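J.: Give the three-dimensional model of this entry:
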Amino acid sequence: MGEHRYWPSLDGVRGVAIAAVVAYHLGFLGGGWDGVDVFFVLSGFLITSLLLSEQATTGGVRLRSFWARRARRLLPALLLLLAALALYALAGGPGVVPSQLRSPAVATLLYFANWQQVAAGHDYFAHFQAANPLLHTWSLAVEEQYYLVWPLLFMGLIWLGRRRSIRALAVGTALLATGSALWMGVAAHVLGPDRAYLGTDTRVWELLLGGLGAMALRSAGPTRRPVLWSWATVVGACGVALGTTLGQGPPGWMWDGGLVAVALGVLVVVMGSVRHPQGPVARLLAVGPLRWLGRISYSLYLWHWPVIVLLDQTNTGVSGAPLLALRLSAMVGAACVSYFAVERPLRRVDFHLWWRRALVPAGILGVIGAVLVATVPPVEASTGPVALAPATRAAAGPAPIALPPGRVVTAADPLRAWIVGDSVMADSAPGVGAALEATGDVDVVADSAFGGWGLSTDRTWATDLPRIIGQYHPEMVIGTWSWDDQPAQQDPRAYLLELVQALRTILAPGDGVDLVVLLQFPQIGPNPYWIDPAEQAAAWATANARQVVWNDVAAEAVHFFPGHALYLQTDRLFAPGDRYFAWNRTPAGAWVRARKIDNTHMCPYGAAQLGALVVDDLSPVLGLAAMTPGWELGSWVHDPNFDDPPGACPDDQPPPRYRGVAVPGPPS
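T.: Here you go, the predicted structure:
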């Protein structure tokens with residue numbers, strides 16, 4: 001193996017890998033995420049080959065020179081991307097919430113994005129944030145951490161072998177790789193697939209495996225039977241293709257040895273292409289288009305995901321083939337600018353002059369500064385006067401309520417209310433409570449709504465509900481939640497019985513509760529967590545269908561308690577004309593964001609609208625007074641829930657000619 005030989009087929013391997021990753025993220029190749037594994041194995045092979053060559057030539061490894069070459073190879077293009085995203089965020093570009101970009105950007109620059117994503121994955125609200133345009137940089141962090149540590153381990157293992165052979169190096173590397181691969185399988189089942197997928201400790205075995213291939217070729221003699229390598233590369237390539245075809249999900253067997261098999265196939269292709277460049281697979285990989293794609297693969301990897309995230313159907317107004325063409329053109333164009341104007345020229349710059357070396361930390365600090373300035377948390381969405389639109393479909397008015405004889409609701413003796421539900425109700429509670437208390441006839445004495453609550457998740461509700469009632473003595477309970485939608489859909493009759501039992505527990509004679517008000521769950525919108533339009537639409541339709549069932553069951557359950565339970569419809573507010581709106585108009589005609597960027601939770605204006613709707617529906621049956629003017633602008637609009645996660649309620653405007661989004665199927 002030559003000291004500095006160039007193998008065209010390995011650029012082709014990079015080209016295939018980046019094509020698979022891009023196709024996967026565009027929704028066309030379910031197992032295309034295997035392309036990252038190709039990069040890992042190839043990187044391990046090439047880096048270890050360089051270290052072996054330097055060790056053989058000089059008797060050691062110059063660490064500063066090695067790390068400097070890696071920085072010169074990787075940093076410029078990354079700094080360009082981060083600077084561009086910072087400017088985009090600073091300019092208020094759609095698809096980016098500046099405050100949610102800060103942590104990923106800093107983590108990307110410091111090469112610990114994979115661990116930042118592992119930590120963020122344990123956050124309940126991680127799934128309700130805007131799509132992260134730097135989500136893909138986790139793999140760059142894994143590789144950079146490998147580049148920092150592997151040369152030190154390499155030198156240590158060489159020293160243990162007393163420089164006589166690479167046997168100690170190979171044995172040590174094999175042990176480390178085996179341990180990492182076994183730990184990946186355990187972690188996938190114990191800690192979850194995300195932890196196994198993102199962790200350096202669970203993925204480094206692929207880079208070490210590539211290193212083992214480099215060691216094997218270093219020790220090998222001349223190629224005596226090239227036909228065997230030809231067939232081996234064909235088999236390896238077929239194995240990788242099969243794993244990619246079947247790897248959608250990924251399936252559980254990937255963590256139980258399937259990924260190891262794919263990585264071994266990649267290694268065979270890499271080694272076979274080097275040992276026998278005239279083989280059929282090596283010649284195919286060396287064709288011009290694949291080699292060209294491989295040369296720009298790093299820049300293309302950097303830019304492809306931000307382009308997919310930012311150029312979506314909402315931001316561009318196009319879909320289908322035109323959107324695909326726009327995305328491909330943008331990502332390839334950005335990659336070419338990055339490669340030909342930044343990445344390639346800076347590889348050839350002589351950094352021996354001190355002022356040129358000083359440009360590196362200056363550039364890093366400059367980008368960090370730009371990121372920090374551009375990602376200052378935005379002004380939170382405001383609220384405003386509320387005027388309810390007339391109903392868009394026929395709806396039965398609230399049934400008469402039977403309060404205890406002699407109970408007259410007045411400002412001197414207000415009705416005591418308790419709010420219960422999940423995170424959507426927790427976000428709505430400040431507005432609902434403010435609206436009720438603005439009548440002067442209701443006092444919200446308890447608010448127990450919190451993320452993830454439902455009868456199916458709170459298995460001790462039978463004791464929790466009476467305990468809260470005994471502590472706060474409410475007379476009216478108001479609530480809605482979505483965490484029971486799946487069990488409700490699976491067995492509506494069984495869930496109806498459970499919900500009726502819960503209402504019976506709340507309305508138990510003698511506990512003081514005289515009225516339960518169940519709200520139709522506010523219509524949800526498409527989750528921006530899904531980038532692929534088809535997947536987003538399918539996920540929205542599935543979630544909406546489940547919520548429709550819960551709403552139907554809730555509407556049926558109140559009939560078991562005439563005079564003591566109501567079901568209030570909210571679709572005239574949150575699904576007018578069977579369309580979902582993230583922004584609603586004030587009476588003056590101005591757009592104000594009503595829902596968080598996740599299209600599920602409430603911003604202040606949405607909470608105020610829901611509160612006004614509740615009062616509007618309850619006033620006829622409870623005789624509530626009119627709400628005090630200006631209640632919508634009270635201090636409640638600064639409740640911390642509205643900025644959780646940070647930047648969830650930006651003070652932004654909808655796209656031009658905004659008409660909302662048609663709800664799939666019946667409104668929820």
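
J.: for the protein, which spans come out with low pLDDT?
T.: 1-4, 122-130, 162-165, 221, 223, 350-357, 359-360, 376-382, 387-399, 667-668 (pLDDT under 70).

J.: isn't C603 right next to D651, touching?
T.: No - applying Cβ atoms under 8 Å as the test, C603 and D651 come out as separate, 9.5 Å apart. To be clear about C-beta, it is placed using only N, CA and C from the backbone, and glycine gets the same treatment.

J.: Show me which of those two is the more surrounded one.
T.: Between C603 and D651, counted using other Cβ atoms under 10 Å, the more crowded position is C603 (30 against 12).

J.: How many neighbouring residues does the nearest residue to that one once chain neighbours are set aside have?
T.: With sequence-adjacent residues excluded and distances taken as Cβ to Cβ, 6 or more residues apart in numbering, C603 is closest to C649, at 3.9 Å. Using other Cβ under 10 Å, C649 is surrounded by 29 other residues.

J.: which phi and psi does C649 have?
T.: For C649, the backbone dihedrals (degrees, to the nearest 10) come out as phi -120, psi 70.

J.: Now do it against G660, distance only.
T.: 18 Å (Cβ to Cβ, to the nearest Å).

J.: in terms of contact, does the residue nearest to C603 touch D643 like I think?
T.: Yes - contact criterion Cβ under 8 Å: C649 and D643 qualify, at 6.6 Å.

J.: For this structure, just list every one of the strands.
T.: Along the chain, counting by DSSP state E, strands occupy 415-421, 442-447, 476-480, 515-519, 565-568, 579-580, 583-585, 591-593, 661-662.

J.: I'd like to know which elements the last one is packed against.
T.: Where contact means 3 or more Cβ pairs under 8 Å, 6 or more residues apart in numbering; DSSP states H and E, strand 661-662 is packed against strand 579-580.

J.: Packing partners of the strand it packs on?
T.: strand 661-662.

J.: Check what contacts the strand it packs on and list those residues.
T.: G525, P526, D578, R579, Y580 (Cβ atoms under 8 Å, 6 or more residues apart in numbering).

J.: just stretch 555-567 next, same as before
T.: 398-402, 496, 499-500, 503-504, 507, 514-520, 554, 617-618, 621.

J.: distance between the ends of it?
T.: By Cα to Cα, to the nearest Å, the extent of stretch 555-567 from end to end equals 6 Å.

J.: so how far is it from its chain's centroid?
T.: 39 Å (Cα atoms, centre = their mean, to the nearest Å).

J.: What are the buried residues along it?
T.: Buried residues in stretch 555-567, counted by 16 or more other Cβ atoms under 10 Å: A557, V558, F561, H564, A565, L566, Y567.

J.: if I pick the closest residue to L246 other than its chain neighbours, what's in contact with it?
T.: Counting by Cβ to Cβ, 6+ apart, G31 is the residue found nearest to L246 once chain neighbours are left out, at 6.4 Å. For G31, the contacting residues are Y24, G243, T244, T245, L246, G247, Q248, P250, by Cβ under 8 Å, 6+ apart.

J.: Swap in 7 Å and give it another go.
T.: The contact partners of G31, taken as Cβ atoms under 7 Å, 6 or more residues apart in numbering, are G243, T244, T245, L246, G247, Q248.

J.: before we move on, the earlier item: compile the strands of the chain into CSV and extend it with columns for distance to V16.
T.: Below are those laid out as CSV (distance: least, Cβ to Cβ, whole Å):
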stretch, distance to V16
strand 415-421, 50
strand 442-447, 55
strand 476-480, 50
strand 515-519, 53
strand 565-568, 57
strand 579-580, 40
strand 583-585, 44
strand 591-593, 43
strand 661-662, 37
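
J.: closest to C336 out of those?
T.: Across these, the minimum distance to C336, taken as Cβ to Cβ, is reached by strand 661-662, at 34.7 Å.

J.: contacting residues around stretch 185-201?
T.: By Cβ under 7 Å, 6+ apart, stretch 185-201 touches 114, 117-118, 121, 138, 142, 145, 180, 183-184, 202, 255-256.

J.: Just the closest of those residues to P487, please.
T.: Nearest to P487 among those, with distances taken as Cβ to Cβ, is G121, at 25.0 Å.

J.: Give me the neighbour count for that closest one.
T.: 13.

J.: For it, give me its contacts.
T.: With contact taken as Cβ under 7 Å, 6+ apart, G121 is in contact with D194.

J.: Please report how far it lies from W138.
T.: 11 Å.

J.: Same check on D413?
T.: Taking Cβ to Cβ, one finds D413 at 59 Å from W138.

J.: So for those two, which sits in the more crowded spot?
T.: W138 (24 against 11).

J.: Quick check: chain neighbours aside, which residue is closest to that one?
T.: Using Cβ to Cβ, 6+ apart, the closest residue to W138 is N114 (3.9 Å).

J.: tell me the contacts of that neighbour?
T.: W138, A141, V142, L198, G199, T200 are the contacts of N114 under Cβ under 7 Å, 6+ apart.

J.: re the thing from before, how about the contacts of stretch 185-201, which pair is most distant?
T.: Every pair of those checked by Cβ to Cβ; the farthest is Q145 and D256, at 25.3 Å.

J.: So those two - more neighbours on which side?
T.: Comparing Q145 with D256 by other Cβ under 10 Å, the one with more neighbours is Q145, at 19 against 13.

J.: which ones are touching that one?
T.: Y111, T200 are the contacts of Q145 under Cβ under 7 Å, 6+ apart.

J.: swap in Q520?
T.: Contacts of Q520 (Cβ under 7 Å, 6+ apart): N551, L568, Q569, T570, D571.

J.: L87 now?
T.: A374.

J.: Does V424 touch D598 like I think?
T.: No - look at V424 against D598 with Cβ atoms under 7 Å: they stay out of range, at 10.1 Å.

J.: Mind checking which of those two has more residues around it?
T.: Between V424 and D598, counted using other Cβ under 10 Å, V424 has the larger neighbour count: 26 against 20.

J.: any idea how far E143 is from the nearest residue to the more buried one once chain neighbours are set aside?
T.: Nearest residue to V424, sequence neighbours excluded (Cβ to Cβ, 6+ apart): H601, at 5.6 Å. Computed as Cβ to Cβ, the H601 to E143 distance reads 36 Å.

J.: now D458
T.: D458 is 44 Å from E143, by Cβ to Cβ.

J.: Looking only at neighbour counts, state which of the two leads.
T.: E143 (24 against 17).

J.: Tell me who's in contact with the more buried one.
T.: With Cβ under 7 Å, 6+ apart, E143 has these contacts: S43.

J.: what's the answer for L169, then?
T.: Contacts of L169 (Cβ under 7 Å, 6+ apart): F154, L157, I158, G161, M215.

J.: Name only those of those that count as buried.
T.: F154, L157, I158, G161, M215.

J.: Since that was my last question, I'll sign off now.
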